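Engineer: fold the following, please.
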Amino acid sequence: MTMMAIDFMRNHTLFRGVPLHELEGAVQSMHEEHFRDGDHLIVEGSYGNSCYFIMSGQVQIVSRNLIGHTITLDVLGEGALIGEVSLFLEEKRTSGAQAIGEVKALRLEQNAFSRLAAASPMFHESLSFSARIRTMHAMLSKATIWAAIPNAELRGLAEVTVRRKVYKGDVIVAEGTMADRFYMIAEGRFEVRSGRRKKAIYKPGDYFGEMDLLSGEAHTGTVTALENGELMVMGRDEFHFVLQQYEPVRRQFHEVLRIRRPDLLKDEVMAKLHHTATDVEIPNVPVEAAATVETVSLAPPKKDRWIDILLALGGIFVVFTVLAIWLKQPLWIYAALISGGLVGPVSFVAYLRSSQLLGFKPIRLVTVFVASGIIAVPIAWILERLWSIGSGLETTTTEHIQAALMIGVIEEIVKLMVCFLFLRGRKQRFLMDAVVFGAAAGMGFAAIESMLYGFMYLQQQATSGMLAVLWVRAVLSPFGHGTWTAIAAAGLWYGLRSGSFKRSSRTKRAVNSMLVMTGLLLLSILLHAAWDYPYPSGLWKMTGMVLVGGIGIALLYLLIRQGTQEEKMMHRAVNPAQQVEERIRHAVGTRSSIKDAKKPGTVQSLTCQACGTVSPAGTRYCGRCGQALQL
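Structural biologist: Here you go, the predicted structure:
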């Protein structure tokens, strides 16, 4: 092995000019090792005391990004040196190495490595440059806005990007001073303030300075390091060059700028970003040029989970119904009352939440659901009793219509009060937020109302009547309160949005939004009133309920369709790299020369630590606030 190793190193370009006795001394501490397909030569995050020369076979350089995906940084073959960056910079391994097929390598220990670096200026200089570029390339690839850039160009970007160590308390950019560089966070937390107001906390994967570079004015605010960290810094010219070359990146900056500072979207800024199409154009990136290949199997679609909730709650209600009829004990009767009041409303809200791409944690919907039940129901009951509405004393058609309309007005308004508390004050709200929150408020009202109706029958010792009411209301729940309040909340959302338009376009767009808001609110009230109207016969009642239910569900479907398209558009614009990776992953699946870095696993949805938005697995940046996500 010794002569083979000496010949290998003597013919290697890195060791030209190294005295033979130094090579022989290094070989004495080297070991020939064999690796099978999938074996790890280097583990990311560890401290290394050796590096490897590849004598035969191929090795895949991999890393884990902030959202937990395995990304491929490079594929190296015979003659390549791996693991030297950690030895040269005396840092943790920034990436790992995995064998593709059978691999034979020479392991070089720390002492021999240091001797060779000292003996050969060429070896030292080459490693110095390679270590800096490889480290920066790995940092840029992990979870940054450049994820859509092909691998070859990303390495070029690494050459013009510098690392900057910062310490707790350092002011990176002062408010009123225009940032002349683009900053990407590699490590640490940074606070952004405007005056005394804290605007945001940025973490690894986030960036700042882009607003100043795009607008030509100071808009970033004061950025201060909250702890020791590291930044990747790019100059103004390099930043603008990248924007000119890559449409997905330019579109992504436009969307994030629109989220963070919509008031900056002036004509000159738009000219710099100059593309405003609704869809992101994805370049045809070859596999060999891919910056990242993520080997992950996404979690099962959320759209199936509401069925599990429906079956679980429905099964519980069936069991409690049987026990209540059979045993006739208060425990099982009240259990049937509670489960029967919840099964329809909870399943309906779960279904709408499953249609939402960028939603919030379930606890927020639970809060809306409960708040509507404990706030809206008592207020509506008091007002209706106070004004003697729906007391049964109405005799004429006009009185019936007035009573039904007043019930619709009171109940929809009090439910909207709850929605307003959760819809106001957010900079980036989607239509689907209003639809889902409205459905939660409506169904919270419906759940308590159903339980109260059932309890009224219990007071009359009519358990069978209670169960019948609960079953009917559970089946009809999708056509009632949840749908009406979702429509009304969508109208409220249009009204709240009208105040955010710029002055140049506020008049026309605000008027249109106010008209839409008024129309949706009136329609929800009319649907509610038509449902509650005391029809003269059962046939008329059934006809009215079918019409009301059909119109409500149809309109709700249109709102959901519009809302989900809006969410998808924003999500794609802020995460263009995902579409590139889908093409790359498909191409990788057809090639046998590149092996997946790890067996496919299941990745959960990601929650934004800044705004609480739950995004699909694989998302790098939050579509609501634009900040980087972490697993």
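Engineer: now do the helices in the stretch 451-600 of the chain.
Structural biologist: Using DSSP state H, counting those that start in this stretch, the helices found in the stretch 451-600 of the chain span residues 463-476, 481-497, 503-532, 538-574, 576-589.
Engineer: got any ranges where the stretch 301-450 of the chain has weak pLDDT?
Structural biologist: Counting by pLDDT under 70, the stretch 301-450 of the chain has low-confidence residues at 301-304, 390-394, 425-428.
Engineer: mind jotting down where the helices sit in it?
Structural biologist: 305-327, 330-354, 362-371, 377-386, 397-423, 431-459.
Engineer: now those as a markdown table including distance to residue 256 and mean neighbour count?
Structural biologist: From N, CA and C alone the C-beta is placed, and that goes for glycine too. What follows is the helices of the stretch 301-450 of the chain, written out as a markdown table (distance: least, Cβ to Cβ, whole Å; neighbours: other Cβ atoms under 10 Å):
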| stretch | distance to residue 256 | mean neighbour count |
| --- | --- | --- |
| helix 305-327 | 30 | 16 |
| helix 330-354 | 26 | 22 |
| helix 362-371 | 24 | 18 |
| helix 377-386 | 41 | 15 |
| helix 397-423 | 23 | 20 |
| helix 431-459 | 19 | 25 |
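Engineer: TSV for those, including distance to residue 569?
Structural biologist: Below are the helices of the stretch 301-450 of the chain laid out as TSV (distance: least, Cβ to Cβ, whole Å):
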stretch	distance to residue 569
helix 305-327	24
helix 330-354	19
helix 362-371	23
helix 377-386	37
helix 397-423	21
helix 431-459	12
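Engineer: which one of those helices lies nearest to residue 556?
Structural biologist: helix 431-459 (7.4 Å; Cβ to Cβ).
Engineer: run the angle between the closest one and helix 377-386 for me.
Structural biologist: Note on geometry: by axes from the mean of the first three to the mean of the last three Cα atoms, to 10 degrees, helix 431-459 and helix 377-386 are set 60 degrees apart in direction.
Engineer: export the helices of the stretch 451-600 of the chain to TSV and tack on mean neighbour count and mean pLDDT?
Structural biologist: Listed next are those as TSV, based on neighbours: other Cβ atoms under 10 Å; pLDDT from 0 to 100:
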stretch	mean neighbour count	mean pLDDT
helix 463-476	18	91
helix 481-497	27	92
helix 503-532	17	84
helix 538-574	16	92
helix 576-589	19	52
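Engineer: wait, which of those helices is closest to residue 418?
Structural biologist: helix 481-497 (9.0 Å).
Engineer: wait, residue 79 touches residue 52, no?
Structural biologist: No. Using Cβ atoms under 8 Å, residue 79 makes no contact with residue 52, being 11.5 Å away.
Engineer: between those two, which has more neighbouring residues?
Structural biologist: residue 52 (25 against 14; other Cβ atoms under 10 Å).
Engineer: list the buried residues of whatever helix or strand the more buried one lives in.
Structural biologist: Element membership for residue 52 (DSSP states H and E) is strand 50-64. Using 16 or more other Cβ atoms under 10 Å as the burial criterion, the residues of strand 50-64 that qualify are 50-55, 57-64.
Engineer: for those, work out which two are farthest apart.
Structural biologist: Top of the distance list for the buried residues of strand 50-64 (Cβ to Cβ): 55 and 64, 27.7 Å.
Engineer: can you say which helix or strand has residue 44 in it?
Structural biologist: Following DSSP H and E, one finds residue 44 outside all helices and strands.
Engineer: residues in contact with it?
Structural biologist: Shown in contact with residue 44 (Cβ atoms under 8 Å, 6 or more residues apart in numbering): 62-64, 93-96.
Engineer: quick one: closest of the helices of the stretch 451-600 of the chain to residue 9.
Structural biologist: helix 576-589 (33.6 Å).
Engineer: can you give me the distance of the nearest residue to residue 516 once chain neighbours are set aside to residue 511?
Structural biologist: In this structure, residue 516 finds its nearest non-sequential neighbour in residue 494, 4.6 Å apart by Cβ to Cβ, 6 or more residues apart in numbering. As judged by Cβ to Cβ, to the nearest Å, residue 494 and residue 511 stand 11 Å apart.
Engineer: repeat that for residue 166.
Structural biologist: Relative to residue 511, residue 166 is positioned 49 Å away (criterion: Cβ to Cβ).
Engineer: swap in residue 247?
Structural biologist: In terms of Cβ to Cβ, residue 247 sits 34 Å off from residue 511.
Engineer: cool, and residue 461?
Structural biologist: On the measure of Cβ to Cβ, residue 461 and residue 511 end up 57 Å apart.
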